[in-house]
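Colleague: sequence plus the predicted model coming up.
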Amino acid sequence: MIASPRKVRGARVTLAHGGGGKAMKDLIDDVFVRAFGAPGDAPLEDQARLALAGFTAIGDRLAFTTDAYVVDPLEFPGGDIGALAVYGTVNDLAVGGAVPLYLSCAVILEEGLEIDLIRRIARSMAEAARRAQVQIVTGDTKVVPRGACDKLFITTTGVGAIPSGRELGVGRARPGDVVIVNGWLGDHGAAILGARGDLRLDSPIESDSAPLHELVEVLLAAAPGTRCLRDATRGGVATVVNEIAGASGVAIELDEDRTPVRPEVRGFCEILGLDPLYLANEGKLVAVVPAAEADAAVAALAAHPLGAGAVAIGTVAEGRPGRVTMQTALGGHRIVDMLIGE
Amino acid sequence: MKYVDEFRDREKARALTLEITKVLDRIAAVRQQPLKIMEVCGGHTHSIFRYGIEALMPPTLELVHGPGCPVCVLPMGRIDDCLAIAEQPGVIFTTFGDAIRVPGSRQSLLQAKAEGLDIRMVYSPMDALALALAHPDREVVFFGLGFETTMPSTALTILAAAGDGVRNFSVFCNHITIVPTLKAILDSPALELDGFLGPGHVATVIGTQPFEFVARHYRRPIVVAGFEPLDVLQAIWMVLRQIEEGRAEVENQYARVVTPTGSRQALEAITSVYELRPFFEWRGLGSIDHSGVRIRPAYAAFDAEVKFAVPNAQIADPTACQCGEVLKGAIRPHECKVFGTSCTPEMPLGALMVSTEGACAASYHYGGARALGRGRLRVMR
């Protein structure tokens, strides 16, 4: 048995917590190891050691992804940066058809940050990892002087295994395919903007931050011919659909009447002049499936709690490669382009 | 969504489009060329593209996208002036988001921010004033920009700052006024415009009466319009009816908001804080007499042009740029030599490519109806 971790001293992070000495060990043990759980009674090594058998039992390819998380505010309605850092990386694995297995977690802390806040975020990461059925097996902590980073940055790297035969790819959409999303669009982007407070809008919108690995399995079981999946994070559905159209050399036509946007989010966008198609999501995927499997795909997604609002929002067409158009609610047509800047 | 969906109803749009087509057919029977109607306001340009309204219009009608996007008519020299102010020690320079990417002769505000100048985006001049109160040791400057629509909020902020005795807040006033600009367009010898959609937001402030000259002196119909798609369609129909009946009047489609005389409080704030400049430089249109305002001497303490040495840089528009011809309706955005090649929203050469209300950016992002089916318009990424 290792001794129960010493409590970290003080209420705020100091540069001493990044110094490599006792203070740093206390912070790591008391905050992160306590939340994530140490692997058995083994002492901490410089690397995680993972049995290959755990991967080969699932599939024949390793999926490997990394993502850095910076968000202001750190805690927002419906989530926080910790849960985001787990779900975001899990989802990047899942939309490749992989079963997510392990994560690493590197944290950069700004001098002066409250220990309690870090503790809450670490607990949130641990809870998110349980929900996403992944283990956080290795990590790193750095402390930088006040002003050298904005409160707290997290980088997670994830590995998973892709079952043999699964071939999802952004370049595989074909004319006639159907474009499906699993529910309300733009919730995360609107929640973050609302929570920032500088707009002084009293917004009840919650982030949709959620792990999509189960939903992907449900979808692939119902629609094994699925061409590609993408999680519609930064840049929103508009950006993802443009990427698919470009990589596949096809045109995509969206139907504004069928794009699901909550009334609250629509209202938020109306006031601020935003287009919900470009707002970030953290629990939404875009699926392109062959027409013959589209109904089954929507029905399967809709039967899962994270896909209750699943709907076909458009179709893949012949036409100028890479062009995304939308039939507007008014009956007109317009081009849906990539996001420029922010 | 209440008060929104009613103005975006597809069936009503269809019915209005049908009526527009009927009027156009009757007019076309007695005249050869397509009609050209200019929407003066960038808000209308945005609505037209956002809702795909051009796609609904028959080819006998051309919608010309006018100068009413304040960011788009901003000459490069003004951005250089902003940078000169922002470079002063202790300054926090605040601006609306859509001005931050407008190119100056050396760089944009966004590029200067990346190089370390303290430039911040705000949603309202009151946010800039709040920044000044929060940072009493800094000089906060607000980039006052826009037509009569945004003039009152800047004026009220200056009045609030004066009332509170704030000493570290000032405005770099680049507010402009629409009437002289409309006159300049109407006086253009190559004018081919048959009618106008009048700017609904500006008219909310100044009323419909200031637009009488368009009908009386220049004999062109003008209909002050709202910004929802059905507003735009109805206003187009109203302009066409005037043309068909040989009338030239100021009509008010946006009567749920706009009155003949405008908002008394807003106008009082405007007249107490600003006075007309002898002339103001516009991108693409050149110098237009009495088209800009400056802060009155009584409020000089809040005038960045008094507080700081503003170079008043004179920078000629890039020669390749045809913003002026687009603004006057002489050519359409995609007919510009550099549209989509050396001028794109990522790297704008002309200001019309910057703001989402700019005719070129709107055309690039949303594509014109005719663009959707036509040859080399969009450039491959």
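Modeller: That came through, no problem.

Colleague: all contacts plus neighbour counts: C-alpha atoms, from now on.
Modeller: Will do.

Colleague: that's a strand at residue B:2, yeah?
Modeller: No. Applying DSSP: H, G, I helix; E, B strand; the rest coil, one finds residue B:2 to be coil, outside a strand.

Colleague: I'd like to know how many residues surround it.
Modeller: Around residue B:2 there are 8 other residues, counting by other Cα atoms under 10 Å in any protein chain shown.

Colleague: how close does it get to residue A:266?
Modeller: 11 Å (Cα to Cα, to the nearest Å).

Colleague: am I right that residue B:283 is in contact with residue B:72?
Modeller: Yes. Residue B:283 is within contact range of residue B:72, at 7.3 Å (criterion: Cα atoms under 8 Å).

Colleague: comparing these two, which residue is more hemmed in?
Modeller: residue B:72 (28 against 23).

Colleague: helix/strand/coil for the more buried one?
Modeller: coil.

Colleague: the residue nearest to the spatial centre of chain A sits in which helix or strand?
Modeller: For chain A, the residue nearest the mean C-alpha position is residue A:88 (2.4 Å; Cα atoms, centre = their mean). Here residue A:88 sits within helix A:81-94, counting by DSSP states H and E.

Colleague: show residues contacting that helix.
Modeller: Residues outside helix A:81-94 that contact it (Cα atoms under 8 Å, 6 or more residues apart in numbering or on different chains): A:63-71, A:74-75, A:99-100, A:103, A:121-122, A:124-125, A:127-129, A:132, A:154-160, A:209-213, A:216, A:230-231, A:282.

Colleague: could you pick out the longest helix of chain B?
Modeller: For chain B, the helix with the greatest residue count under DSSP state H is helix B:10-28.

Colleague: for that one, packing partners?
Modeller: Where contact means 3 or more Cα pairs under 8 Å, 6 or more residues apart in numbering or on different chains; DSSP states H and E, helix B:10-28 is packed against helix B:229-244.

Colleague: isn't residue B:83 up against residue B:109?
Modeller: Yes. Taking Cα under 8 Å as the definition, residue B:83 is a contact partner of residue B:109 at 6.9 Å.

Colleague: neighbour count winner among the two?
Modeller: residue B:109 (27 against 22).

Colleague: which parts of stretch B:207-216 are buried?
Modeller: B:207, B:208, B:211, B:212, B:213, B:214, B:215 (16 or more other Cα atoms under 10 Å in any protein chain shown).

Colleague: can you give me the mean pLDDT across whichever strand or helix holds the fourth one?
Modeller: When you say that, I think you mean residue B:212. With secondary structure defined by DSSP H and E, residue B:212 is part of helix B:212-216. Taken as a whole, helix B:212-216 carries a mean pLDDT of 96.

Colleague: now do stretch B:187-198
Modeller: 87.

Colleague: now the end-to-end length of it.
Modeller: Terminal-residue distance, stretch B:187-198 (Cα to Cα): 17 Å.

Colleague: not counting its own residues, what contacts that stretch?
Modeller: Against stretch B:187-198 from outside (Cα under 8 Å, 6+ apart): B:35-41, B:185, B:220-225, B:235-236, B:239, B:243, B:328-330.

Colleague: among those, which ones are in helices?
Modeller: Short answer: these in helices (DSSP H) are B:185, B:235, B:236, B:239, B:243.

Colleague: which sections of chain B are below the confidence cut-off?
Modeller: Residues of chain B that meet the criterion pLDDT under 70 lie in B:356, B:367-381.

Colleague: those residues of it touching chain A, which are they?
Modeller: Residues of chain B lying close to chain A (Cα under 8 Å from any Cα of the partner chain) are B:1, B:8-10, B:13-14, B:49-56, B:123, B:229, B:345-346, B:365-369, B:372.

Colleague: buried ones among those?
Modeller: Going by neighbour count (16+ other Cα under 10 Å), the residues of chain B next to chain A have B:8, B:10, B:13-14, B:49-56, B:229, B:345, B:365-369, B:372 buried.

Colleague: just to revisit the earlier point, pull the distance from the longest helix of chain B to the chain's centre.
Modeller: Centre-to-centre, helix B:10-28 and its host chain are 28 Å apart (Cα atoms, centre = their mean, to the nearest Å).

Colleague: quick check: angle from it to helix B:229-244?
Modeller: Using axes from the mean of the first three to the mean of the last three Cα atoms, to 10 degrees, the inter-axis angle of helix B:10-28 relative to helix B:229-244 is 20 degrees.

Colleague: using PDB, list the CA coordinates for helix B:10-28.
Modeller: The C-alpha trace of helix B:10-28 is given here as PDB (Å, rounded to 0.1, in the frame of the first residue of the first chain):
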ATOM      1  CA  ARG B  10     -42.400  30.600 -46.600                       C
ATOM      2  CA  GLU B  11     -46.000  30.800 -48.000                       C
ATOM      3  CA  LYS B  12     -46.200  34.500 -47.500                       C
ATOM      4  CA  ALA B  13     -42.800  34.900 -49.200                       C
ATOM      5  CA  ARG B  14     -44.100  32.800 -52.100                       C
ATOM      6  CA  ALA B  15     -47.200  35.000 -52.400                       C
ATOM      7  CA  LEU B  16     -45.100  38.200 -52.300                       C
ATOM      8  CA  THR B  17     -42.700  36.800 -54.800                       C
ATOM      9  CA  LEU B  18     -45.600  36.000 -57.200                       C
ATOM     10  CA  GLU B  19     -46.900  39.600 -56.800                       C
ATOM     11  CA  ILE B  20     -43.400  41.000 -57.500                       C
ATOM     12  CA  THR B  21     -43.100  38.900 -60.600                       C
ATOM     13  CA  LYS B  22     -46.500  40.100 -61.800                       C
ATOM     14  CA  VAL B  23     -45.500  43.700 -61.400                       C
ATOM     15  CA  LEU B  24     -42.200  43.100 -63.100                       C
ATOM     16  CA  ASP B  25     -43.800  41.400 -66.000                       C
ATOM     17  CA  ARG B  26     -46.200  44.400 -66.500                       C
ATOM     18  CA  ILE B  27     -43.200  46.800 -66.300                       C
ATOM     19  CA  ALA B  28     -41.100  44.600 -68.600                       C
END
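
Colleague: ok, and what's touching it?
Modeller: Residues contacting helix B:10-28 (Cα under 8 Å, 6+ apart): A:329-331, B:34, B:56-58, B:60-61, B:229-230, B:233-234, B:236-237, B:240-241, B:244.

Colleague: and the helices in chain A?
Modeller: A:22-27, A:34-36, A:53-56, A:81-94, A:115-132, A:187-196, A:213-222, A:236-248, A:263-272, A:291-302.

Colleague: out of those helices, deepest packed?
Modeller: helix A:81-94 (a mean of 28; mean count of other Cα atoms under 10 Å in any protein chain shown).

Colleague: and the chain, what are its domains?
Modeller: If you meant another chain, say so; for now it's chain A. For chain A, automatic domain parsing gives the domain ranges A:15-162, A:178-335.

Colleague: not quite, I wanted chain B
Modeller: If you go by automatic domain parsing, chain B breaks into B:1-69+B:178-253+B:319-381, B:76-176+B:292-307.

Colleague: report the distance from the longest one to the chain centre.
Modeller: Just to be clear, that refers to domain B:1-69+B:178-253+B:319-381. On Cα atoms, centre = their mean, the centre of domain B:1-69+B:178-253+B:319-381 falls 12 Å from the chain's centre.
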